[in-house]
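Visitor: When you get a sec, could you give me coordinates for this:
(chains A and B)
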Amino acid sequence: MSFSIRRQWIVSRADRIPGLRGLAGAVSGAFAFAATARADAPMTLFSPADPQAQSIYGISLFVLAITLGIFIVVAGLLTFVLIRYRQRPGDDNREPAQIYGSNQIELSWTVIPILIVVTLFLTTTRVILGTEAIEKPKGALEVTVIGHQFWWEYHYPKLGIVTANELHVPVSDAQHPTYLEVTSADVTHSFFVPRLAGRMDVIPNRVNEAWIDPPQPGLFLGQCGQYCGTQHAKMLLRVYVQSQSDFDAWVKAQQQPARQDFSSDPAAAEGERVFMHNACMNCHAIAGTAATGRFGPDLTHLASRDTIASGAVPNTPANLRQWIDDPNSLKPGCLMPSMHLDGHDLDTITAYLSQLR
Amino acid sequence: MSTIPAVKGVDETQATRRARLPARVIHEWLTTVDHKKIGILYIGYALIFLVIGGIEATLMRIQLAQPNNHLVSPQVFNRLFTMHGTTMIFFVAMPIMFGFGNYLVPIMIGARDMAFPRLNAFSFWVSAMGGVLLYFSYLGGSGLYAAGSAPDVGWFAYAPLTAKVFSPGHSTDYWTLSILLSGVGSIGTALNIVTTTLCMRSPGMKLSRMPLLVWLYLVMGGLVFVTISPLTAAQIMLTLDRYLGAHFFDTQAGGSAVLWMHFFWIFGHPEVYVLILPAFAFMNEIVPVFSRKAIFGYPAMVAASVGIGFISLTVWAHHMFTVGMGAAGNTFFVFATMVISVPTGIKIFNWLATIWGGKVIFATPMLFSVGFLFQFLIAGLTGIILSIAPFDWQLHNTYFVVAHFHYVIVGGILFALFAAFYYWYPKMTGRMMSETIGKWHFVLFIIGFHLTFDFMHIPGLLGMPRQIYTYEADRGWGSWNMIVTIGVIFQAAGILVFVYNLVRSYFAGKVAGPDPWDAWTLEWSTSSPPPDYNFAVLPTVRSRRPLWDLKHPEDPDSDYEL
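Guide: Numbering: from 1, shown residues only, chains lettered A, B, ... in the order given. Modelled structure (predicted):
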């Protein structure tokens, strides 16, 4: 057999690449792993903040370790064969011994993967059952989450509270978690706050159940996890876990109807009139007034929130004014139309809404 | 060079290219029913869309390189990712696999053509029209600025986002109809592949002597039948919803969003096996030749391939771990998904054992095959990671998933395709592709691939969702996204070098002769390119490697095959 063409294919030093690649893979894997433990990544999967997320974290480390082990072994073997059995210069051109198979070897690398699969399956099942198949404790706080394009509606049915975009829950233990019943008013969304729980899809015409049980106060960030239209990217989530006393204070404040007395603030008083005489009340509700629209977020205690537009921008009077003037300038493609108010009306409405703590 | 002793019927008269009128050439290609030309038409078509889909990806990557970027509006970005995904799956990967299958399956079994040549041509042209229809959508609506009427519902188009009330206008309909057309073409091609394989093998080629490539295309063809049907049904139901007042997926009227998910993923998961099985097929032919050894464990490889085909039909709801199926449903799909890793692992181990004890020749096809082996291993392992349902509740719809499936499709399937190009280009054109340029292609592309898709896992692990046109600056995702974007430059350079190599080699490549790689399957026993009738005389097939038997009459495979 002629090797005259074959000589140009003979391995050069540069073709150590196969081995290097395996090494690079392992190094970058370790690098990635180390990097993900940083705390300045508020949605990292590697910083669980409650026992449920902790159990997911535990099994994730387990499977990462197993897959890393498999990678090291198989990639190591691959690297070895490619270097050890490469055709060397001055080779004698004979074909190597042709080996067609071996039943024992096939069996070994069938049985061992099956054992690994069984192990992974059993550990996974245990976590699934521990999350999805447990009874709701009687002391659970019930919250209804309704996904909209592109904001979140929250009801606390037993507390008589309706709010939007920023979820407040108390610290929990096993007997008093927060149970979320999630559904959608329009398209499919997903409730995704990784440090507290795995995501749960928010599907119209279907009610799903999820729960969180954070033991420590804090602010936890997330965002919609299922593409739902133009502003899917800015349908952000903010979960405020508060101590029991702080939560009770928040509940009390939220249960009050909206502030009505603006005798000390004529701009806000005029703003209330502008609000009630425009189409605002068709979409928005303010408890205690004639505004009972449910298409958009409840504004009763708008000024108590840190952000507007479902987390897209901080809740400042300037942002609020710009939002009302032209929502698409802050969140292009959102469903709130510009109300085409003149500058004076915008100022007074902003003054009014900024007083709704 | 080949050393086939005096095989009668290697037709050398094709060596000279007669000058012909361009009009005649174009007419011949437009009306051909020859499987080889149709194969090349599919491949060329797919390469054009590969470049277009790559441009869409590049625009997205530039937009995402930094938080709160303004290269494109959210409306345009959402159209870009929908078009990119739809293009790459339906108008790049499917056609290119059908193209190679069309070219190789008949010739590797010693047949003269596919069983139904006119159906073959029809299948190509109707699929091609699907792609044209999809891209016509950019010109619909208000025109190209803000991307016309291109669909923006994501490549899997979840209901009820696709309902008329949430997607007014025609963008969804372009998506639906173009996929419907492409599905018709897929069924036709699969029909040809399966019938040809079962009915037109040359004498002596029992099923247990078929090249593994042909086995894998047989399984792929069967899988296409089963998988395209629910997709077509779903498209029809969606169109009925949108235009004739049906409510299959219309949740406002009691329909089910989850029903769409089931239909789509019963298609969508086997679909990715439809794409990977031919990649396995190429590896099964290329790795042995460049290791100078027969494939290790042919019966196990056949069993694993068929097993993968069947099991792939049972795992679809691992795309739905987060919809609230309940513990029993989630557990079943965890199990099925993990089970499929066993035959897949067997294939990797068998390739390893094929190389063991061989003589590895690092020609360009083998370089890409080695890339495939490492990268497909990693892709499979990230798949196992995703099969852990509780971990998937965190990882679903994040960039970890995007990194995983691009690792399979680019790191696995595209690398196997590059290997197949370099390996079979001499057969298709009669010229070798340049080895030097090929090595440049390999180095540039693999650097770009790893920069992009290795580092893409990290934003996923840090919680970054997919299908978002921008992201907050305080999430810690920005610098990783920048690295991911830089990799695009190298990949684009690699593709340009590849296209240059394809074109240049056609005119200036070294003449290949019938068997430049000293290989063992039937296609290497005829001239390069083959005559229209493929073979004048077929060598007798007494084993899985008929040309090995001819070259080594003292040591034929038939004495040793298991």
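
Visitor: Please, which helix or strand holds the closest residue to chain A within the stretch 251-400 of chain B?
Guide: Nearest residue of the stretch 251-400 of chain B to chain A: B:W393, at 2.3 Å (C-beta to the nearest C-beta). The way it works is simple: take the backbone N, C-alpha and C, and place the C-beta from them, glycine included. Assigned by DSSP states H and E, B:W393 belongs to helix B:389-395.

Visitor: what's the following helix or strand after that helix?
Guide: With DSSP H and E, the next secondary element past helix B:389-395 is helix B:399-406.

Visitor: which residues sit against that next one?
Guide: Residues from elsewhere that reach helix B:399-406 (C-beta atoms under 8 Å, 6 or more residues apart in numbering or on different chains): B:272, B:379, B:382-383, B:385-386, B:395, B:452-454, B:456-457, B:459-461, B:464-466.

Visitor: circling back: quick one: the helix holding B:W393 to chain centroid distance?
Guide: Distance of helix B:389-395 from the chain centroid (C-alpha atoms, centre = their mean, to the nearest Å) equals 27 Å.

Visitor: send the alpha carbons of that helix over as CSV?
Guide: What follows is helix B:389-395, C-alpha atoms only, in CSV (Å, rounded to 0.1, in the frame of the first residue of the first chain):
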residue,chain,number,x,y,z
ALA,B,389,-35.2,17.0,37.3
PRO,B,390,-34.6,19.0,40.5
PHE,B,391,-31.4,20.5,39.0
ASP,B,392,-33.3,21.1,35.8
TRP,B,393,-35.8,23.1,37.8
GLN,B,394,-32.9,25.6,38.2
LEU,B,395,-31.3,25.0,34.8
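
Visitor: Would you mind listing the buried residues in that helix?
Guide: Neighbour-count burial for helix B:389-395, counted by 16 or more other C-beta atoms under 10 Å in any protein chain shown, picks out B:A389, B:P390, B:F391, B:D392, B:W393, B:Q394, B:L395.

Visitor: With stretch B:245-258 instead?
Guide: Within stretch B:245-258, the residues that qualify as buried by neighbour count (16+ other C-beta under 10 Å) are B:A246, B:H247, B:F248, B:F249, B:D250, B:T251, B:G255, B:S256, B:A257, B:V258.

Visitor: Touching, the fourth one and B:L161? I think so.
Guide: No. Under the criterion of C-beta atoms under 8 Å, B:F249 is not in contact with B:L161, lying 9.7 Å apart.

Visitor: So the longest helix anywhere in chain B, near chain A or not?
Guide: Looking across chain B with DSSP state H, the single longest helix is helix B:257-291. Yes. For helix B:257-291, a contact with chain A is found by C-beta under 8 Å from any C-beta of the partner chain, at B:A257, B:V258, B:S291.

Visitor: quick one: average confidence on whichever helix or strand comes after that helix?
Guide: Per DSSP H and E, the first helix or strand lying C-terminal to helix B:257-291 is helix B:298-311. Helix B:298-311 carries an average pLDDT of 97.

Visitor: Wondering if helix B:298-311 reaches chain A at all.
Guide: Yes. Counting by C-beta under 8 Å from any C-beta, chain A has neighbours in helix B:298-311: B:Y298, B:P299, B:A300.
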